[in-house]
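Trainee: Pasting a predicted model and its sequence here:
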Amino acid sequence: MTVKGVGLGAVDLGAAAPPGDASGAPAASAAAKEPSCRRRWWRGGAGPVRDFDQEIERLKGPDGNALIPWLLTVTGPTADILNGKCALPWLAGAGVVAFCVLYISTIRTAFSRRYGSGPVPGRLLAALACLTLALAIGYGGNFIVLFVLVSLGVGSVSRSRQRLGLMLIPLSVAAGVSASVHHEGFWSTASLAYGTFLSGLVVSVIITLFHAVAQLKDTRQQLARAAVAEERMRFSRDLHDLLGHTLSVIVVKSEAARRLAPRDIDAALTQIGDIESVGRQALTEIREAVTGYREGSLSTELDRARSALTASDIEVVVQESGPPLPPQTEALLGWVVREGVTNVVRHSGASRTRIDLSSAGGRAHLTITDNGCGSPAPAPAPAPPHTGTGTGTGLRGLTERLAAAGGSLSCGPAPGGGFRVAAVLPVEEESPVEEETPA
């Protein structure tokens, strides 16, 4: 059997599968012998993500022991002492021991959480540099190479590029001067100075890279937490807006059916049928809200608004003008219609409601006005800049929705009495699609 998959081409399962019976036992044993990386690849897309997380977890950066093996460089000065090339060998040996102690202390404190950001590593590094300069000028030979280890300490201690340059340049000059004092050749002196500078620079770059990886990991975790919070907020807001309107319509139509049942059974059955339809539609919308694919329709919400207001014995007038709106703008205004009409039905006690929709000058305006006795819901405060961490529902949630799209929502008493909800959204004009004319 041949299966075609995206990005995999055609895979002949019959040819690829190992021989065996229908139960697939030999195939399972063959898979058990398969390399772990290949088994991970066949398990699906989650494997590489887990492997990436594990690799990031391993890249925590070097610790205080990472640069200790470079102390093997002191074998050169030790050889000079043992071969009798140094005057006062006991003093040279004490200098080498002191160098090792200062080097280990500098590296350990540079990577220490307690002392890493304080002055202790810098002071130890200064003492190490002075000792190295004295040994290099006093004995020369392999003692001059110790400047490279001091450069590694500079790369570990420095935390800024300016400070790194200010420390590496004098150190490289000191290495070159020490070499020239002992009549080393030009190229030997230049290579020693260059190696001293480059060693500290490479260590600093590596440590900076590990710090960047750690910061990226922290940022990735923060983005993941923000995405979870955003999804929770979206679901909470959608569920509130969906169920608030739907339950209000069901309550209104149930009351209408109860009032109509004694004198007009057919009209009551019509209301009951509407209740069933609204309930089924609510189930569909809740499923869509859970999956995150629900987009409101302004025309649908206007039709539902007429039905809900009429069933509540509220006269409704809908006035529309202007060109058609983009789908995203319609979806947002549909939420405004749903919430505004729900509040009118539940809280206002109005007998008349007007919905005005217009689009001009690159902005869409939606106004819902009623002649009720007061505020249907507390007016929301001005929305702060959208950060994806809001928790509002109802009018506050609508304010956050519109603010995220560059719009605004205002609620308050209407000039002639009653209550008024006004939404303003920018309208992005869609670029016309050029149709190719066949030649």
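Mentor: Nice, thanks for sending it over.

Trainee: elements contacting whatever helix or strand Arg259 lives in?
Mentor: Assigned by DSSP states H and E, Arg259 belongs to helix 186-260. If contacts are counted by 3 or more C-beta pairs under 8 Å, 6 or more residues apart in numbering; DSSP states H and E, helix 186-260 sits against helix 146-157, helix 161-181, helix 265-291, helix 298-311, helix 327-343, helix 394-404. The way it works is simple: take the backbone N, C-alpha and C, and place the C-beta from them, glycine included.

Trainee: can you tell which of those is closest to Glu428?
Mentor: Evaluated over the helices and strands packed on helix 186-260, closeness to Glu428 peaks at helix 327-343, with 7.9 Å, by C-beta to C-beta.

Trainee: quick one on the thing from earlier: the helix holding Arg259 to helix 327-343, inter-axis angle?
Mentor: 40 degrees (axes from the mean of the first three to the mean of the last three C-alpha atoms, to 10 degrees).

Trainee: which residues of the chain score low on pLDDT?
Mentor: 1-64, 113-118, 241, 288-296, 374-394, 429-439 (pLDDT under 70).

Trainee: what distance separates the helix holding Arg259 from the centre of its chain?
Mentor: 2 Å (C-alpha atoms, centre = their mean, to the nearest Å).

Trainee: Please determine how far Ala282 is located from Leu239.
Mentor: 11 Å (C-beta to C-beta, to the nearest Å).

Trainee: Could you tell me which residues touch both of these two?
Mentor: Common contacts of Ala282 and Leu239 (C-beta atoms under 8 Å, 6 or more residues apart in numbering): none found.

Trainee: Which element, helix or strand, includes Ala129?
Mentor: Per DSSP H and E: helix 120-139 holds Ala129.

Trainee: That helix packs against which elements?
Mentor: So helix 120-139, by 3+ C-beta pairs under 8 Å, 6+ apart, packs with helix 75-82, helix 89-110, helix 146-157, helix 161-181.

Trainee: how about 6 Å then?
Mentor: helix 89-110, helix 146-157, helix 161-181 (3 or more C-beta pairs under 6 Å, 6 or more residues apart in numbering; DSSP states H and E).

Trainee: Show me what the last one is in contact with.
Mentor: Residues external to helix 161-181 that are found in contact with it (C-beta atoms under 6 Å, 6 or more residues apart in numbering): 133, 136-137, 144, 147, 151, 154, 158, 189, 192-193, 196-197, 200, 204.

Trainee: report the angle between the axes of that helix and helix 120-139?
Mentor: 10 degrees.

Trainee: What residues of helix 161-181 count as buried?
Mentor: Across helix 161-181, burial judged by 16 or more other C-beta atoms under 10 Å covers Leu164, Met167, Leu168, Leu171, Ser172, Ala174, Ala175, Gly176, Ser178, Ala179.

Trainee: Report the inter-axis angle for that helix versus helix 146-157.
Mentor: Going by the same axes, to 10 degrees, helix 161-181 makes 170 degrees with helix 146-157.

Trainee: before we move on, what about the longest one?
Mentor: An angle of 20 degrees separates the directions of helix 89-110 and helix 146-157 when computed by the same axes, to 10 degrees.

Trainee: the inter-axis angle of helix 89-110 versus helix 75-82?
Mentor: Using the same axes, to 10 degrees, helix 89-110 lies at 160 degrees relative to helix 75-82.

Trainee: how far out from the middle of the chain is helix 89-110?
Mentor: 46 Å.

Trainee: Quick one: list the elements packing against it.
Mentor: Partner elements for helix 89-110 (3+ C-beta pairs under 6 Å, 6+ apart): helix 75-82, helix 120-139, helix 146-157.

Trainee: Using CSV, write down the CA coordinates of it.
Mentor: C-alpha atoms of helix 89-110 as CSV (Å, rounded to 0.1, in the frame of the first residue of the first chain):
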residue,chain,number,x,y,z
PRO,A,89,63.3,28.6,41.7
TRP,A,90,61.6,28.5,45.0
LEU,A,91,60.3,32.0,44.4
ALA,A,92,59.2,31.2,40.9
GLY,A,93,57.4,28.1,42.3
ALA,A,94,55.7,30.1,44.9
GLY,A,95,54.6,32.6,42.2
VAL,A,96,53.1,29.7,40.1
VAL,A,97,51.2,28.4,43.1
ALA,A,98,49.9,31.9,43.9
PHE,A,99,48.9,32.3,40.3
CYS,A,100,46.9,29.0,40.4
VAL,A,101,45.1,30.1,43.6
LEU,A,102,44.3,33.5,42.3
TYR,A,103,43.1,32.1,38.9
ILE,A,104,40.8,29.6,40.5
SER,A,105,39.4,32.1,42.9
THR,A,106,38.8,34.6,40.1
ILE,A,107,37.0,32.1,37.9
ARG,A,108,34.9,30.7,40.7
THR,A,109,33.8,34.1,42.0
ALA,A,110,33.1,35.4,38.5
